[in-house]
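Asker: Show me how the following folds:
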Amino acid sequence: MINFSLGLFYAWSVFADGLIRELGWSRSAAMFPYTLELLVFSIAMIFGGRFQDRFGPRGGTLISGIFTGLALILCAVTASPLGITLSFGFLFGISAAFGYSAVTPAVIKLFSPEKRGLVTGIVLMSLGAAALVWSPLINFLVLRIGVINSFLFCGMAILIIITSASRVIDLPKKGSIDELNAQTAHSGAGRRNWRTNLRSPVFRILWVMIGLTSGVGFMFIGHLVQIAQLDFQVGWGYILVSLFALTNALGRVFGGALCDRIGYLGNYRAALFLMLLAMLLFLSGWNWPALVIGTSFLGLSYGSLYTSFPVIVGRLFGLEDFGLNYGMIFTAVGIVGSLGPLVAAYLAELTNSYYPAFLLGLVFTICGFFLVNELNKRAGGKLNG
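Answerer: You can find the predicted model right below:
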């Protein structure tokens with residue numbers, strides 16, 4: 001339920017469409033709060049992860065519930081480009097990081113290494129599936145009560161949901177954590193100082209991989225409504241947001257299961273192949289069927305990739321400081337990945353088409369294949385099993 005609530009940001013393109021139509025915002029202005037949220041979220045993951053390592057998941061999720069709800073309420077109160085950018089982009093980004101960084105370590109520490117891919121995928125599924133509910137709900141609210149009142153309604157809803165769920169989240173007993181840490185260390189991932197990790201080529205390659213692949217996903221998640229209108233001349237883009245959410249959720253579960261069966265990098269390559277097909281379909285010019293199938297492939301690949309990230313970090317660097325290590329890796333999502341939506345908006349305004357963004361996504365995806373091979377060599381085959 002916590003991840004489901006935080007997944008509201010996947011439906012930002014519906015909010016953005018309301019801001020463009022009702023308040024006359026430009027595409028770039030409507031996308032900037034989302035871009036800032038991704039950047040702030042990824043950097044705040046370091047502090048949220050460290051907070052979880054020291055104090056456990058309950059406090060982090062409580063903080064997240066209070067301030068994510070407050071951030072959306074402030075969007076309604078301020079109702080200006082600066083106010084919504086600061087409220088959603090800054091406050092929501094920080095508080096969402098405290099919730100997200102608490103949930104994933106908690107579930108990973110509950111299960112043995114042989115099951116971590118699947119259980120991580122199941123827990124992350126709710127984050128991916130969130131837009132399946134939030135997108136049509138927000139679209140309904142925007143059409144009925146306006147975009148400002150929609151911010152207010154959603155803020156009150158997630159404040160109640162997350163703060164209630166935070167009361168019951170917890171870690172396993174200390175002995176169980178020590179046993180799982182021992183299993184992880186036995187697989188080749190002992191505890192290392194975070195400064196050592198930063199100097200590691202494996203750490204840097206993984207950082208770039210996550211940045212590029214998340215950048216491709218974010219480039220289109222926040223623009224699906226506008227892509228449907230501008231390049232494919234269809235007015236039901238909000239349905240694509242729900243389709244992406246559904247395939248994203250399924251991709252997280254299937255990707256987690258594949259991680260446990262064929263290895264984390266085998267799953268990563270399969271996800272990149274689907275992403276490559278999605279970019280080719282977007283570029284094909286086959287009208288709305290290409291848009292629908294491409295969105296489905298992109299959702300499956302994006303969800304599968306996001307399941308791989310935390311289990312790869314746990315496999316390579318252990319669980320003792322997992323929150324901090326994962327937080328440092330996750331900064332790639334903000335520093336590299338968050339540029340995707342802004343670049344896509346700029347290119348669309350420059351050319352009146354998202355075709356250049358599709359080409360850029362294709363290039364980044366091809367780069368991902370080379371980085372996977374390099375990571376495997378540097379990791380000494382630890383990620384194949």
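Asker: Residue ranges in the stretch 151-300 of the chain under the pLDDT threshold?
Answerer: Along the stretch 151-300 of the chain, segments meeting pLDDT under 70 span 172-194.
Asker: what about the helices in it?
Answerer: 174-186, 194-199, 201-221, 224-230, 237-262, 264-284, 287-317 (DSSP state H, counting those that start in this stretch).
Asker: burial of the closest residue to Pro201 other than its chain neighbours, as a residue count?
Answerer: The shortest distance from Pro201 to any non-neighbouring residue, by C-beta to C-beta, 6 or more residues apart in numbering, is to Arg378 (5.1 Å). Where you see a C-beta, it was placed from the backbone N, CA and C, and this is true even at glycine. When counting by other C-beta atoms under 10 Å, one arrives at 15 neighbours for Arg378.
Asker: Tell me who's in contact with Arg378.
Answerer: Pro201, Val202, Ile205 (C-beta atoms under 8 Å, 6 or more residues apart in numbering).
Asker: any idea how far the residue most central in space within the chain is from Ala278?
Answerer: Central residue of the chain (C-alpha atoms, centre = their mean): Tyr306, 6.8 Å from the mean position. According to C-beta to C-beta, to the nearest Å, Tyr306 stands 15 Å off from Ala278.
Asker: just Ile158 next, same as before
Answerer: 30 Å.
Asker: from the middle of its chain, how far away would stretch 286-303 be?
Answerer: 18 Å (C-alpha atoms, centre = their mean, to the nearest Å).
Asker: same check, this time on stretch 357-365
Answerer: Using C-alpha atoms, centre = their mean, the offset of stretch 357-365 from its chain centre is 19 Å.
Asker: again with stretch 326-342
Answerer: Counting by C-alpha atoms, centre = their mean, stretch 326-342 comes out at 9 Å from the chain centroid.
Asker: follow-up on the earlier one: which members of the contacts of Arg378 are classed as buried?
Answerer: Val202, Ile205 (16 or more other C-beta atoms under 10 Å).
Asker: picking that back up, so what's the backbone phi/psi at the residue nearest to Pro201?
Answerer: The phi and psi values for Arg378, taken as degrees, to the nearest 10, are phi -70, psi -30.
Asker: Now Phe92. Nearest residue, chain neighbours left out?
Answerer: Spatial nearest neighbour of Phe92, excluding adjacent residues (C-beta to C-beta, 6+ apart): Ala71 at 3.8 Å.
Asker: isn't the one you found right next to Leu86, touching?
Answerer: No: Ala71 lies out of contact with Leu86 (C-beta atoms under 8 Å); the separation is 9.0 Å.
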